[in-house]
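Participant: I'd like to go over a predicted model; first the sequence, then the structure.
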Amino acid sequence: TRLLLRGGAAGLRAYDRDAAGEGSGEAKAAREERKQEHNNQVQKKLDAIASGEQGLGKVRQHVNPLKSQFQIPTEAPTWPEVFGDPSLPMHLDIGCGKGRFLLDLAAINSNTNHYGVEIREPLVVRANKWAQDAELPNCFFSFANMNASIKTILRGYPGKISLVTLLMPDPWFKARHHKRRVVNPEFVEALAGELQSGARLIVGSDVRDVYDDIVWVLGNSTSWSEVPGGSDEWPLERQTERQISVQSRGEALYHSVYTRN
């Protein structure tokens with residue numbers, strides 16, 4: 001029989017499974033060989049994107065963060081290698097997508113390091129190429145699932161994490177998929193544990209149900225306090241591509257600002 005599995009940047013992986021001899025050493029070796037071949041193809045594509053030899057191609061819009069491949073914590077980068085001055089305060093953008101929001105902010109705010117984390121690796125590779133091409137020493141992107149990596153990916157940062165943005169997260173509309181949403185009580189407490197008192201958190205969505213869910217989770221946490229009037233006006237100099245698109249259609253946007261207690 002043939003079982004098709006999602007394979008990240010390369011699309012679908014196909015593994016042949018012999019029902020009679022699936023557990024044999026020969027079948028296992030064959031599967032490992034196919035897996036290594038797939039990984040090599042993925043890496044070749046990522047290298048081509050990083051060098052500019054190849055475009056992004058098709059990238060999945062939704063990635064299930066609960067898959068086993070996304071449960072391995074991502075370690076922090078070597079900060080002096082990715083930022084020109086790692087002592088600067090950091091703006092962390094969780095679920096940064098294509099990265100243009102951070103790239104725009106980095107270009108006008110040289111006194112802050114802008115760090116984006118995204119679960120779709122091809123987008124991360126391309127965003128880092130854009131940052132390099134734009135000669136932005138204060139902008140870097142990492143491939144990670146923040147729900148699995150929040151306690152590792154920020155480790156050892158020399159500066160202060162002053163701002164976190166979590167904007168337009170995947171809504172996962174179906175009730176049985178709500179467990180895939182990034183914001184939950186465990187996540188907001190883990191995030192709080194990595195921040196100093198006074199750090200700001202800006203959350204936003206164009207889906208009222210998602211926004212209400214985020215506000216409920218943060219409202220029931222003793223680690224965060226909502227800033228009065230924080231939802232009145234957009235507090236940053238730039239907006240995400242999604243925000244701009246939603247506004248252009250005259251649809252509603254929701255956001256709130258919180259501070260770490």
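Facilitator: Done, it's in.
Participant: Which neighbouring elements make contact with the helix or strand hosting residue 165?
Facilitator: According to DSSP states H and E, residue 165 maps onto strand 161-167. Applying 3 or more Cβ pairs under 8 Å, 6 or more residues apart in numbering; DSSP states H and E, one finds that strand 161-167 contacts strand 90-94, strand 200-205. Glycine gets a C-beta too; all of them are placed from N, C-alpha and C.
Participant: And these: which comes nearest residue 131?
Facilitator: strand 90-94 (12.8 Å; Cβ to Cβ).
Participant: what angle separates that closest one from strand 161-167?
Facilitator: Interaxial angle of strand 90-94 relative to strand 161-167 (axes from the mean of the first three to the mean of the last three Cα atoms, to 10 degrees): 20 degrees.
Participant: hmm, who's touching strand 90-94?
Facilitator: 101-102, 105, 109, 112-117, 146, 154, 157, 159-167, 169, 182 (Cβ atoms under 8 Å, 6 or more residues apart in numbering).
Participant: make it 6 Å
Facilitator: The contact list for strand 90-94, computed with Cβ atoms under 6 Å, 6 or more residues apart in numbering, reads 102, 112-117, 146, 159, 161, 163-166.
Participant: Looking at the residues you listed, which gets the smallest pLDDT?
Facilitator: Lowest pLDDT of the contacts of strand 90-94: residue 146, 93.
Participant: average pLDDT for stretch 236-249?
Facilitator: On average, stretch 236-249 scores 95.
Participant: Show me what counts as buried in that stretch.
Facilitator: 236, 238, 239, 240, 242, 243, 246 (16 or more other Cβ atoms under 10 Å).
Participant: so the last one touches residue 205, yeah?
Facilitator: When you say that, I think you mean residue 246. No. Distance between residue 246 and residue 205: 9.7 Å, which falls outside the contact criterion (Cβ atoms under 6 Å).
Participant: So which residues of the protein form strands?
Facilitator: 2-6, 12-16, 90-94, 113-118, 139-143, 161-167, 200-205, 224-226, 254-260 (DSSP state E).
Participant: hmm, back to that, now list the buried members of the contacts of strand 90-94.
Facilitator: 102, 112-117, 146, 161, 163-166.
Participant: which two in the residues you listed are spaced the farthest apart?
Facilitator: 112 and 146 (19.6 Å).
Participant: Adding distance to residue 136, write the contacts of strand 90-94 out as CSV.
Facilitator: Shown next, in CSV, are the contacts of strand 90-94 (distance: Cβ to Cβ, whole Å):
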residue, distance to residue 136
102, 9
112, 11
113, 10
114, 8
115, 12
116, 12
117, 17
146, 22
159, 17
161, 19
163, 17
164, 20
165, 17
166, 22
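Participant: Show me where the stretch 51-200 of the chain has its helices.
Facilitator: 79-82, 100-108, 121-133, 146-149, 185-193 (DSSP state H, counting those that start in this stretch).
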